[in-house]
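Peer 1: Here you go, sequence then predicted model.
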Amino acid sequence: MINPISTLKDWCELAKMGKGLLNKHFPSETEKEILRSAARTGEFHIFQVDQLAYPIIRAGGIQMGNENDPASLAMYYDAFKQLCENGYIEHAGGALFRLTSGGFGKARKV
């Protein structure tokens, strides 16, 4: 099984190589929900549960998606990857991710 934390970390690292993406990205409704949920603390925790096909993402202490609905978890996982790719989220270490300064700015606007 692929480790989702390593995968998300790689997405965030690749985003650092891109320039000027923050001003060109228009977040989806799911991405906006993730940003709003993390706006207060700026923290994300990723939990991999062996019985689930996708990891559980907690944004600001709020669980994103329904663990009984794999489609829901997939939707939030994809949105989280997109936010990483566009430079709004960075890997802080282990299962911890956090908003970048651009991420906080976008979270306050959505």
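Peer 2: Sure thing, it's come through. Numbers count the residues shown, from 1 in each chain.
Peer 1: Show me the contact partners of the longest helix seen in the chain.
Peer 2: Longest helix in the chain by number of residues (criterion: DSSP state H): helix 70-85. Residues outside helix 70-85 that contact it (C-beta atoms under 8 Å, 6 or more residues apart in numbering): 4, 7-8, 11-12, 14-15, 18, 21, 27-28, 30-31, 34-35, 44, 52-57, 64-67, 89-91, 97, 103. The way it works is simple: take the backbone N, C-alpha and C, and place the C-beta from them, glycine included.
Peer 1: Buried residues, that helix. List them.
Peer 2: Counting neighbours by 16 or more other C-beta atoms under 10 Å, one finds that the buried residues in helix 70-85 are 73, 75-77, 79-85.
Peer 1: What pLDDT is listed against the spatially most central residue of the chain?
Peer 2: By C-alpha atoms, centre = their mean, the mean C-alpha position of the chain lies nearest to Phe80, the distance being 2.9 Å. pLDDT for Phe80: 96.
Peer 1: Give me the distance between the residue of the chain positioned farthest from its centre and His91.
Peer 2: Distance from the C-alpha centroid of the chain, by C-alpha atoms, centre = their mean, peaks at Gln51 (20.9 Å). As judged by C-beta to C-beta, to the nearest Å, Gln51 and His91 stand 25 Å apart.
Peer 1: Tell me which helix or strand His91 sits in.
Peer 2: Secondary structure assigned from DSSP states H and E places His91 in strand 89-93.
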